[in-house]
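Asker: With the input below, show me the fold.
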Amino acid sequence: MSTDRFASIQRKTIIYFIVIGCFALFGFRLFQMQIIEHESYSEKAANNAIKGIELTPLRGVFYDRNMNVVVSNVPAYTLRITPAEYDTSLNKYLEAVLGEEPGYINKILYGNRLFSKYVPIRIKRGIDFKVVSWLEENEEHLPGVDYIVEMQRGYPAGIRGSHMFGYTKEISPALLEKHKEYYKPGDYIGYSGIEKAYEKFLRGKKGYEYVLVDSRRREIGRFKNGAEDVPSVKGDDLVLTIDSDVQRAAEEALKGFRGAAVAIEPKTGEILALASAPDFDLNEFSYVTSKDYLQKLYNDPDKPFFNRATMAANPPGSTFKPMEAICALNTGTITTATTFTCRGGQDFYGRYFKCDAVHGTLNVIHGIEHSCNVFFYNLIYKIGMTKWDEYAKKFGFGQITHIDIGDESKGFIPTPEYYQKLYGPDWPKSIMASLGIGQGEVNVTPIQLAQYVSLIANDGVTYTPHLVRGYLTTDTKKLVPFSYKKIDLGIDSSVFNIVKEGMFLVVNGSGTAVSIKSKDIQIAGKTGTAQNPHGKNHALFIGFAPFDNPKIAVAVFVENVGFGATYAAPIAKKMIEAYLLKDKIKKENNSKVSDVKDKLIGESLAN
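Answerer: The predicted structure follows:
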C-alpha cells in the first residue's frame with residue numbers, strides 16, 4: 001500500500017471520528033437541555049414570556065387622638081417608562097404632552113442608568129386625566145410607556161402640621177444604595193417629621209402581579225390567572241397624640257409671627273400640639289413640588305423649613321425662675337419664710353442689676369407671682385452655680401428630650417467649668433445674676449420648656465414627649481401602643497405645691513399674666529421676656545390647666561415682639577381653651593353659623 005493511500009485513509013478516519021464526536025456532543029446537549037435541565041430552561045422561557053409588575057402598597061394614614069383622619073391617601077396618576085422597551089425618539093411627543101422642556105425625559109433616564117433597564121422609571125407624578133386619556137388612545141404607539149395609579153398625601157383636617165407630619169420625597173441615589181433591598185428608583189420615602197421617623201411602619205409591603213407578554217413585550221393576559229400574584233400589604237396606620245383643635249388653635253394664633261407653641265398632656269408626655277411659624281403648605285409636597293415654590297421657601301429670611309419647636313434655642317427669661325425656686329426649696333436653701341427685699345435693683349460684684357419695679361420684701365411665692373428679678377438674683381447666689389446647673393439638667397435642659405421625630409437642639413446650660421475656660425479661674429461672678437433670671441448664655445428650646453412645665457404640673461413625673469401613641473394592626477385594627485421612658489425627678493410634691501401656688505397667682509392674683517385669667521378655667525403659668533441684642537425682646541409663656549388637676553401644659557415662644565404677657569400668654573390661653581372648653585367652643589361656633597343661616601334665608605342677596 002502506497003504512503004499516499006495510507007495517509008488518505010487516516011485523514012478520513014479522523015474526520016469520521018470528529019463528525020461522530022460532534023453529533024454525540026450535540027445529542028448529549030439536547031438530552032441535557034430537554035431532560036436533565038428541563039425545569040431550568042422552562043423557567044427561563046417563562047421569564048421571557050412573563051412580566052412582573054410591582055404593586056406599590058398604600059401608605060399608612062395618620063389619626064389624631066380622637067380618631068379623626070389628619071393625613072390621608074389621595075389617588076393620583078404617574079407616568080412611567082421601561083428603558084428596555086422604550087424608543088427615545090418618542091421623547092419630543094411625551095415632553096410636549098407633559099408640558100416639559102426638551103431633555104426632561106433624557107435627564108431622568110440618565111439619572112437612573114445604573115439600574116436595570118427592565119425596571120420601570122417614574123417620569124412624572126400627578127399627571128392629569130387628559131394625559132392619561134392620550135396615553136390610552138396611543139398605547140400601541142408608545143412601547144415601554146405606561147401609567148399607574150399611586151397615592152399622594154392629603155390633609156383633610158384643616159391643620160398644616162408642616163414640621164410635625166413631615167413629607168415624603170423621591171428617594172435619593174445615596175439612600176437608594178443604602179436601602180436597595182426594598183426601594184427601587186422613583187420610590188417615595190419619608191423625608192422629615194413623622195413620615196421619616198416611622199417610615200418602616202408606614203411604607204407597607206410591596207406586591208407583584210404577573211402577566212403574560214408577547215415577543216414585543218405587550219401584555220396578553222394574566223399568568224396562571226393570578227395564582228402566583230403577591231398582593232401588596234398596606235402600611236400601618238398611626239394613631240397620633242395630637243388634638244386637632246389644639247393644633248389648629250396654635251397654628252392660627254401664630255400666624256404672622258416667628259415662633260413656636262407646644263402643648264403636652266402632663267401625666268403621659270403625649271404632645272397635644274406642636275406648631276412652628278412660619279410653616280409651609282404640605283399639599284405642595286404631596287407629589288411634585290414646583291421649583292418656584294421651593295425657591296421661595298429657601299429664600300425666605302424667616303426660614304419656614306426651620307422647626308422652631310424643637311430647634312430654636314433661646315434664653316428662657318423669667319420662665320426659668322420656677323426651676324430655680326424648686327432647686328432652692330428642695331435643697332433646703334430656702335423655705336417659704338425666706339425673704340429678699342427689692343428696691344428696684346441691686347449691686348452684685350460691682351455691677352448694678354435692675355428690676356422692673358420696686359417690689360419690697362417678698363418670699364418665693366410672691367417672688368414668682370411678681371417675677372421679681374432681685375429675688376432671683378439673690379437666689380442663684382444662695383444656691384450656687386453647681387446646684388443651679390444640676391437642677392437645670394435634671395429638668396431636661398442642655399440635652400435633647402428624645403422626642404420621636406428627632407431633629408432637636410440640646411440648647412445650652414453653662415457650667416462653672418465653661419466660665420473658667422472662657423475667662424480663667426477668676427471668672428466674673430456677676431454673670432450669675434443674669435443666669436438667675438434666665439438670661440446670659442443659657443439657651444433652651446420650646447419642646448424643653450413644654451417638658452419642664454409638664455414636670456411642674458405633675459409633681460416631677462411625666463414621660464418622654466412623643467407624637468405617636470401607637471399603630472393599628474392591619475387585620476384587627478387594634479391599637480398597638482408604643483412605650484416611652486418614664487421621667488421621675490424624685491422631688492417631693494410639697495416643693496411643687498409651693499411653686500405652683502406662685503404660678504397660680506401669676507394669672508389669678510396680681511401677677512404678670514392676669515390678662516389671661518379665665519372665668520371657666522383656673523390657669524397657672526409664668527411669663528418670660530428674654531432680652532434680644534438684635535431687636536425687640538422675645539416673648540415666652542409656660543402654663544398648665546386646670547390648676548387642681550392639670551390636663552394640659554403649654555409652652556409658647558414668639559420671636560422679636562416684646563412682652564411675654566402681651567404676646568405669648570394669649571396664645572397659650574387659646575390652646576388651653578381649645579382643649580378644655582372644646583364642647584363650649586363648638587356650640588358657640590355652631591350658634592354663629594345658625595344665626596347667619598337664619599338671616600340669609602328669605603333675604604334678597606341684593607340687600
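Asker: just the strands in the stretch 51-200 of the chain please.
Answerer: 62-63, 69-81, 121-127, 145-154, 168-170, 188-190 (DSSP state E, counting those that start in this stretch).
Asker: Out of those strands, indicate the one that is most buried.
Answerer: strand 62-63 (a mean of 24; mean count of other CB atoms under 10 Å). All C-beta atoms are positioned from the backbone trio N, CA, C, and that covers glycine.
Asker: so where's the chain shaky on pLDDT?
Answerer: 1-13, 16-17, 19, 21-22, 24, 26-48, 215-219, 288, 586-607 (pLDDT under 70).
Asker: domain ranges for it?
Answerer: For the chain, automatic domain parsing gives the domain ranges 3-36, 52-240, 244-584.
Asker: name the element Ala260 belongs to?
Answerer: Under the criterion of DSSP states H and E, Ala260 resides in strand 259-265.
Asker: What helices and strands are in contact with the next helix or strand after that strand?
Answerer: Following strand 259-265 in sequence order, the next helix or strand is strand 270-277 (DSSP H and E). If contacts are counted by 3 or more CB pairs under 8 Å, 6 or more residues apart in numbering; DSSP states H and E, strand 270-277 sits against helix 162-165, helix 244-253, strand 259-265, helix 308-311, helix 564-580.
Asker: what comes up buried for strand 270-277?
Answerer: Neighbour-count burial for strand 270-277, counted by 16 or more other CB atoms under 10 Å, picks out 270-277.
Asker: between these, which is nearest Gly502?
Answerer: Leu272 (24.6 Å; CB to CB).
Asker: ok now do the closest one, which residues does it touch?
Answerer: The contact partners of Leu272, by CB atoms under 8 Å, 6 or more residues apart in numbering, come to 65, 241-243, 246-247, 263-265, 552, 575, 579.
Asker: Swap in 7 Å and give it another go.
Answerer: Going by CB atoms under 7 Å, 6 or more residues apart in numbering, Leu272 touches 241-243, 246, 263-265, 552, 579.
Asker: Would you mind listing which of the residues you listed are buried?
Answerer: 241-243, 246, 263-265, 552, 579.
Asker: Output those as TSV; include the columns distance to Phe23.
Answerer: Converted to TSV, the buried ones among the contacts of Leu272 look like this (distance: CB to CB, whole Å):
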residue	distance to Phe23
Thr241	79
Ile242	79
Asp243	84
Val246	86
Ala263	87
Ile264	85
Glu265	86
Ile552	90
Tyr579	90
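Asker: Specify which member of these is nearest to Asp520.
Answerer: Nearest member of the buried ones among the contacts of Leu272 to Asp520, counting by CB to CB, is Tyr579, at 12.1 Å.
Asker: so where do the helices sit in the stretch 201-350 of the chain?
Answerer: 244-253, 291-299, 308-311, 321-330 (DSSP state H, counting those that start in this stretch).
Asker: Mind putting those helices into CSV with distance to Asn112?
Answerer: CSV is the format used below for the helices of the stretch 201-350 of the chain (distance: least, CB to CB, whole Å):
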stretch, distance to Asn112
helix 244-253, 39
helix 291-299, 20
helix 308-311, 34
helix 321-330, 54
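Asker: Out of the ones you listed, which gets nearest to Ile20?
Answerer: Short answer: helix 291-299, nearest of these by CB to CB, at 72.3 Å.
Asker: Check which residues of the closest one are buried.
Answerer: Leu297.
Asker: got the end-to-end distance for stretch 553-570?
Answerer: One end of stretch 553-570 to the other measures 14 Å (CA to CA, to the nearest Å).
Asker: For that stretch, what is the distance to the chain centroid?
Answerer: Distance of stretch 553-570 from the chain centroid (CA atoms, centre = their mean, to the nearest Å) equals 23 Å.
Asker: Which residues in it does the neighbour count mark as buried?
Answerer: 553-559, 561, 563-565, 567-570.
Asker: and what of stretch 360-370?
Answerer: Those buried within stretch 360-370 under the rule 16+ other CB under 10 Å are 362-370.
Asker: Output those as CSV; include the columns secondary structure.
Answerer: As requested, the buried residues of stretch 360-370 are arranged in CSV below (DSSP: H, G, I helix; E, B strand; the rest coil):
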residue, secondary structure
Leu362, strand
Asn363, coil
Val364, helix
Ile365, helix
His366, helix
Gly367, helix
Ile368, helix
Glu369, helix
His370, coil
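Asker: nearest to Gly221, of those residues?
Answerer: Closest to Gly221, out of all of the buried residues of stretch 360-370 and judged by CB to CB, is Ile368, at 78.0 Å.
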